[in-house]
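# Test case, fold it:
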Amino acid sequence: KMDFGQYSSKLQKEQRARAEKAKRETEAKKRAQERVDRVAAKQQDELRRQREEAERQAEIQAHLNEAEREANGGVLFSASLRPLPFDLGSKGVVRCKDKLALPASAGVSLTCQGA
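Here you go, the predicted model:
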């Protein structure tokens, strides 16, 4: 005579163990996905904040440029220039510490604006 009760209880234990393991794995995947979602949301918030800050800075710069144009009769000159040694004494300039010479391209830009 075979005792199927013993095999049946062993099978039920194995099924419960597999179900618990699958449940733990599912919960672990869910927690991992939630962490990924939180990180992605944080990154999106940071990008949004950076865009808003850039827009705010651009607006401030536009107001400053407008104020400078008004103060200078509509002329605005902005360029990144490198200082180079230049002997202003040869041009008859007495005090050369507070003088500078602009490149020809700066003169063209200012002439186009009517300066």
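# Can you tell me how far V36 is from Q43?
V36 sits 11 Å away from Q43, going by Cβ to Cβ, to the nearest Å. For glycine as for every other residue, the C-beta is placed from the backbone atoms N, C-alpha and C.
# how about E59, secondary structure?
Here E59 takes the helix state, with states given by DSSP: H, G, I helix; E, B strand; the rest coil.
# quick one: contacts of the helix or strand of the chain with the lowest mean pLDDT?
Counting by mean pLDDT, DSSP states H and E, the chain has its least confident helix or strand at helix 104-112, which shows a mean of 78. With contacts defined as Cβ atoms under 8 Å, 6 or more residues apart in numbering, helix 104-112 is touched by 75, 77, 79, 81.
# Buried residues of that helix, list them for me.
For helix 104-112, the neighbour count (16 or more other Cβ atoms under 10 Å) marks S109 as buried.
# starting at the chain centroid, how far to that helix?
34 Å (Cα atoms, centre = their mean, to the nearest Å).
# Same question for stretch 105-115.
Relative to the chain's own centre, stretch 105-115 is displaced by 34 Å; criterion: Cα atoms, centre = their mean.
# Over to stretch 23-41?
Worked out by Cα atoms, centre = their mean, stretch 23-41 lies 27 Å from the chain centre.
# Output that stretch in PDB with nothing but the alpha carbons.
Only the C-alpha atoms of stretch 23-41 are listed here, as PDB (Å, rounded to 0.1, in the frame of the first residue of the first chain):
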ATOM      1  CA  LYS A  23       6.400  36.500  -4.500                       C
ATOM      2  CA  ARG A  24       9.800  37.700  -3.000                       C
ATOM      3  CA  GLU A  25      11.300  38.000  -6.400                       C
ATOM      4  CA  THR A  26       8.300  40.000  -7.700                       C
ATOM      5  CA  GLU A  27       8.400  42.300  -4.700                       C
ATOM      6  CA  ALA A  28      12.200  42.800  -5.100                       C
ATOM      7  CA  LYS A  29      11.600  43.700  -8.800                       C
ATOM      8  CA  LYS A  30       8.900  46.100  -7.800                       C
ATOM      9  CA  ARG A  31      11.100  47.800  -5.200                       C
ATOM     10  CA  ALA A  32      13.900  48.000  -7.800                       C
ATOM     11  CA  GLN A  33      11.600  49.600 -10.400                       C
ATOM     12  CA  GLU A  34      10.300  52.100  -7.800                       C
ATOM     13  CA  ARG A  35      13.900  53.100  -7.000                       C
ATOM     14  CA  VAL A  36      14.600  53.500 -10.800                       C
ATOM     15  CA  ASP A  37      11.400  55.600 -11.100                       C
ATOM     16  CA  ARG A  38      12.400  57.800  -8.100                       C
ATOM     17  CA  VAL A  39      15.800  58.400  -9.600                       C
ATOM     18  CA  ALA A  40      14.300  59.200 -13.000                       C
ATOM     19  CA  ALA A  41      11.800  61.600 -11.400                       C
END
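# Nothing else from me, thank you.
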